[in-house]
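>>> Everything below, folded, please.
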Amino acid sequence: MIALLGLGSIAGQASAQEGLAGVEGSTSAAATGPTGGLTGEAGGEGGQGVEGAQGGATGAGLKGVSGAVLAAGAAGAAGASSPAIASEAQATAAAGSCTPEFGSFGTGKWPPACWHPYGPESPFNFQIPANPRLSPESVAIVKYIRGHGWTFEGNAEKDFTWDDGGSRPVYWPTSTDPLIKVKCRENGNPCLKGMEARIPAAARPQEESDGHMTVVEQTTGREYDFWQATKPEKGEMFISGGNWIPIGNNSGTGLGGFGEAAYLGLLGGIVRAQELSAGKIEHALVTTVKCVQQHDVWPAPESKIGDAICPLEKPGPHFGTLLQLSMTDAEIAASGAPSWQQTIMKAMARYGVYVVDTGGRREKQMRLLTEDDVSFTSFGYAGKMAEFVKSQGGTNGELVGVPINLSKLRVIDPCVPRKTC
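So this is what the prediction gives:
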């Protein structure tokens, strides 16, 4: 569903080259947004509107963006290392052993199962240590999720299901692909003006209302994230929101994107069919929820921005909330979950699930986000997720597992992946 970022005014920022090229530095990309963010469903959980967000988001927005938004993420990532996880050198070495490497991907030469975006400082690549500090709101947030009947995507029996629908297409252009002028709609949403990017002629955005599209220029080290994008035609395309963030071979943080409500890169956390086929997902996942609190937490910008706000604002999750499935490998194996579901549950236990967007005020299912098969079918290739689902015996494009026990959820304090506690 559509996300509302509620940015408020962000004028006066540095250019993308000066800012987002240095997410590890101090500023974000230039953007304009006089009164609010990515407009869309703004209703709260009970059909209520955003309490205080209609007015509050207008003036507050990303207060002090040039330092508060992305530098906070960089400072946390560069802070004290966590003794309970592998060292960054080990993580870098592990990532370097994955071939083919970033820089060689393209149409028909997709990233392998072992590849995941960004570097060891990214919150998406942080493995939750044993006995982590929990958020002071952990019990209340989990109680809210369970008490309001939320579940991870499932059927009427609340069995966990997995389909081949997809949510975020990703494209890997070359220097010979058309140079497209990316034009921002004048609707007050955060959007970096003047962007030009190489985009394959056959590329298409997500077919649902969000119209997401990610284009990764490996030669320039840029991940372009677009929201409500049109298909590129006659050398131009239109978007309602978007910018670019730095990405490289085992580098980048995934912070600072304008393509989703949590201001994170659209590549971050999506599940790819190649990973499921290999039986291993080595990064955090991302999910939509029904509603959130108005105040976000790291790695989302720590400012009051709104989307679909839960009634009375509390105690729902925040954008940026890191949920963990607190189960051991042995407990996951004993759950009766099929192997493909165990792969997902292990990632939820080891890396967690970030809340990054909302799915609509009538939507009680938390939907894990995946790479859209449009990434492949646009060029005449078979959809990889569709192939995987079929290979596992899925019917009507869907696999059925077992319920995920939400009493095993807990909320990790943001200082843990930020490495400040």
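>>> tally of neighbours for residue 397?
By other Cβ atoms under 10 Å, 15 other residues sit near residue 397. Placement of C-beta: from N, CA and C, glycine included.
>>> ok, the nearest residue to residue 278 once chain neighbours are set aside - how many residues close by?
In this structure, residue 278 finds its nearest non-sequential neighbour in residue 113, 3.6 Å apart by Cβ to Cβ, 6 or more residues apart in numbering. When neighbours are counted by other Cβ under 10 Å, residue 113 registers 18.
>>> Looks like residue 113 contacts residue 282 (just checking).
No: counting by Cβ atoms under 8 Å, residue 113 stays clear of residue 282, with 9.4 Å between them.
>>> What values do phi and psi take at the residue nearest to residue 278?
phi -60, psi -30 (degrees, to the nearest 10).
>>> so who does it touch?
Counting by Cβ atoms under 8 Å, 6 or more residues apart in numbering, residue 113 touches 272, 274-275, 277-278, 280.
>>> which pair in those residues spans the largest distance?
272 and 280 (11.3 Å; Cβ to Cβ).
>>> Neighbour count for these two, which is higher?
The neighbour count for residue 272 versus residue 280, taken as other Cβ under 10 Å, is higher for residue 272 (24 against 12).
>>> what's the closest non-adjacent residue to the more buried one?
Spatial nearest neighbour of residue 272, excluding adjacent residues (Cβ to Cβ, 6+ apart): residue 371 at 4.8 Å.
>>> On the pLDDT front, check that neighbour for me.
On pLDDT, residue 371 comes in at 98.
>>> repeat for the one 3 residues further on
According to the prediction, residue 374 has pLDDT 97.
>>> What is the burial count for it?
Number of residues near residue 374 (other Cβ under 10 Å) recorded here: 23.
>>> And it, how far from residue 202?
Going from residue 374 to residue 202 by Cβ to Cβ, to the nearest Å gives 10 Å.
>>> do the same with residue 326
43 Å.
>>> Between residue 113 and residue 282, which contacts overlap?
In contact with both residue 113 and residue 282: residue 275, using Cβ under 8 Å, 6+ apart.
>>> can you pull out the strands in the stretch 201-350 of the chain?
For the stretch 201-350 of the chain, the strands defined by DSSP state E, counting those that start in this stretch occupy 213-217, 222-227, 236-239, 241-246, 285-289, 322-325.
>>> got JSON lines for those, with distance to residue 385 and mean neighbour count too?
Shown next, in JSON lines, are the strands of the stretch 201-350 of the chain (distance: least, Cβ to Cβ, whole Å; neighbours: other Cβ atoms under 10 Å):
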{"stretch": "strand 213-217", "distance to residue 385": "16", "mean neighbour count": "26"}
{"stretch": "strand 222-227", "distance to residue 385": "20", "mean neighbour count": "28"}
{"stretch": "strand 236-239", "distance to residue 385": "25", "mean neighbour count": "20"}
{"stretch": "strand 241-246", "distance to residue 385": "24", "mean neighbour count": "29"}
{"stretch": "strand 285-289", "distance to residue 385": "15", "mean neighbour count": "24"}
{"stretch": "strand 322-325", "distance to residue 385": "22", "mean neighbour count": "25"}
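>>> For the ones you listed, please prepare JSON lines with the additional fields mean pLDDT.
Formatted as JSON lines, the strands of the stretch 201-350 of the chain follow (pLDDT from 0 to 100):
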{"stretch": "strand 213-217", "mean pLDDT": "98"}
{"stretch": "strand 222-227", "mean pLDDT": "98"}
{"stretch": "strand 236-239", "mean pLDDT": "98"}
{"stretch": "strand 241-246", "mean pLDDT": "98"}
{"stretch": "strand 285-289", "mean pLDDT": "97"}
{"stretch": "strand 322-325", "mean pLDDT": "98"}
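>>> Please identify which of those strands is closest to residue 418.
Smallest distance to residue 418 across the strands of the stretch 201-350 of the chain (Cβ to Cβ): 10.0 Å, for strand 322-325.
>>> Point me to the helix or strand that includes residue 402.
Residue 402 belongs to no helix or strand when elements are defined using DSSP states H and E.
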